[in-house]
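>>> Provided below are the primary sequence and the corresponding predicted coordinates.
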Amino acid sequence: MANPGAKSPRERYRMQMRAEIKQCAWQQIATAGASALSLNAIAKQVGMSGPALYRYFASRDELITELIRDAYRSLADTLRTARDSGADLAGLAYALREWALADPQRYFLIYGTPVPGYHAPDDTTEISNEIMTTLIEAFSALPPDPRTTPFDTHLEHHRRWAADDSVPTTTLRRAVSFWTRLHGVLSLELAGHFTGMEFDPDLLFADELDTLITQ
């Protein structure tokens, strides 16, 4: 009896080709950055004509969108795995840093300078919201923060990205602050701005992390 969920040889071949094209795209991005991504160059690398490649990705933007979704999914899964393994906030932060250091270009594709002329579809933010949800859950396990700030009031009116409406606004603020400040340190490190400054980026990250968790 045929398996109703089985893919046909044509479907399997299409999936394989799309995966190969994406792998070539990541290689290009690692070499020259996302702004230099060329479908024609990828087509030559995989041994097909430019028009033939468009049967798998209709445009450069469609390919970039797929890479962005893959990057977000990879990070979301990394943090979820760390959380499910018992990681606390520090563990989640180090999981993020290890993920970023393992592939800086993948990190910069989603958190770096926007690709000129590219506009991401709205649904790409859905996966990134999963990442923030993981952090919010971690902060929810900590003692509540008695302070309020002007940003808390702002978040009360702009929290549609938060999956749980019952989460205190102060918890949301702490999660957002945690996320943005860690990215600030990571972005500077990955871009090489600490080179020649003669201090240890590992210790700077640890110091910033300690401040964020205890504040």
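Good, I have the coordinates.
>>> C-alpha only now, for contacts and for neighbours.
Fine.
>>> May I see the buried residues of stretch 85-96?
Under the neighbour-count criterion of 16 or more other Cα atoms under 10 Å, stretch 85-96 has 87-89, 92-96 buried.
>>> Dihedrals phi and psi, the closest residue to residue 169 other than its chain neighbours?
Leaving out its chain neighbours, the residue that sits closest to residue 169 by Cα to Cα, 6 or more residues apart in numbering is residue 152, at 5.8 Å. Main-chain dihedrals, residue 152, degrees, to the nearest 10: phi -60, psi -50.
>>> Residue 152 and residue 173 touch, don't they?
Yes - judged on Cα atoms under 8 Å, residue 152 makes contact with residue 173 at a distance of 6.3 Å.
>>> Looking at those two, which one has more neighbours?
residue 173 (22 against 18; other Cα atoms under 10 Å).
>>> Could you chop the protein up by domain?
The chain breaks down into these structural domains: 1-58, 67-214 (assignment by automatic domain parsing).
>>> would you turn these into JSON lines with mean pLDDT?
What follows is the domains of the chain, written out as JSON lines (pLDDT from 0 to 100):
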{"stretch": "domain 1-58", "mean pLDDT": "87"}
{"stretch": "domain 67-214", "mean pLDDT": "89"}
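>>> where's the closest residue to residue 99 other than its chain neighbours, which helix or strand?
Ranked by Cα to Cα, 6+ apart and with sequence neighbours excluded, the top spatial neighbour of residue 99 is residue 75, at 7.0 Å. Using DSSP states H and E, residue 75 falls within helix 60-84.
>>> Tell me which residues of that helix come out buried.
By 16+ other Cα under 10 Å, the buried positions in helix 60-84 come out as 61, 63-73, 75-76, 78-80, 82-83.
>>> same check, this time on stretch 184-199
Applying 16+ other Cα under 10 Å to stretch 184-199 flags 185-187, 189-190 as buried.
>>> can you tell me the distance between the two ends of it?
End-to-end span of stretch 184-199 (Cα to Cα, to the nearest Å): 17 Å.
>>> what does it rub up against?
Contacts with stretch 184-199, where a contact means Cα atoms under 8 Å, 6 or more residues apart in numbering, come from 97, 100-101, 104, 108, 112, 201, 205.
>>> likewise stretch 159-170?
129, 132-133, 140, 144-145, 147-148, 152, 155-156.
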